[in-house]
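A.B. asks: Show me the folded form of this:
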Amino acid sequence: MDPTASQAFIWHELMSRDPDSSERFYESVAGLRVQRLGDGPGAYRMLLAGDRPVGGLTGPRPDSDVWPSGGPAGHWVGYLASDDVDAAARRAEELGGTVLLGPLDVPGTGRVAVLRDPDEAVFGLFQPAPTTGTT
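C.D. replies: All right, here's what the predicted structure looks like:
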C-alpha cells in the first residue's frame, strides 16, 4: 500500500437507529443512491455517488452485543486505511485507546477494527483484502 494511503480516510459509515429513515434522508438531501446487501434487520446498505461506493449505512443488529437495539444516537464513523489493522489496534491500546470492535475479517472486502482514542473520539481502521487477478 502507498505510504500516504495509510493516512487517508477511505470509507465512511453511518450507524443509524433507523436505517430506513436515514436511507430516505440521504437519498433526498445528498442524492446518494442506496444498494442493499442482504435482507432483514441489520442488512448492510452501500451508499453510492453515481456508481461509486462512498460509504455504508447500518443499524442495530439483533445478533450483536456491539450496538444493541436502542443503541446510541446515529453517528458517522470514518475509516482510515491501514497496512496492518491488528498491529495498529494493539498499538492503539498501548497508547490508551480502546478497541470497540474487531479486528475482524469482512469476507471479500478486507479487515476492519473500530477504535476509540484516549479523548473518546471513535474511528475505524480498514485494511483492504489483497486483490487477485492477472496483469
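A.B. asks: Any idea how many residues pack against residue 80?
C.D. replies: 18 (other C-beta atoms under 10 Å). Placement of C-beta: from N, CA and C, glycine included.
A.B. asks: quick one: which helix or strand includes it?
C.D. replies: strand 75-81 (DSSP states H and E).
A.B. asks: and what of residue 124?
C.D. replies: Counting by DSSP H and E, residue 124 is found in strand 122-128.
A.B. asks: biggest strand in this structure by residues?
C.D. replies: strand 98-106 (DSSP state E).
A.B. asks: hmm, who's touching the helix or strand just after that strand?
C.D. replies: Next along the chain after strand 98-106, taking DSSP H and E as the criterion, comes strand 110-116. Residues outside strand 110-116 that contact it (C-beta atoms under 8 Å, 6 or more residues apart in numbering) are 77, 79, 85-86, 88-89, 92, 97-106, 122-129.
A.B. asks: filter these to the buried ones?
C.D. replies: Among the contacts of strand 110-116, those classed as buried by 16 or more other C-beta atoms under 10 Å are 77, 79, 85, 88-89, 92, 97, 99, 101-103, 122-128.
A.B. asks: got the CA coordinates for the strand holding residue 124 in CSV?
C.D. replies: Extracted in CSV, the C-alpha atoms of strand 122-128 (Å, rounded to 0.1, in the frame of the first residue of the first chain):
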residue,chain,number,x,y,z
VAL,A,122,-14.4,6.9,17.6
PHE,A,123,-12.8,5.9,14.2
GLY,A,124,-12.2,2.8,12.2
LEU,A,125,-9.3,1.1,10.5
PHE,A,126,-9.6,-0.7,7.2
GLN,A,127,-7.1,-3.0,5.5
PRO,A,128,-8.3,-3.9,2.0
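A.B. asks: what packs against that strand?
C.D. replies: strand 9-15, strand 75-81, helix 85-94, strand 110-116 (3 or more C-beta pairs under 8 Å, 6 or more residues apart in numbering; DSSP states H and E).
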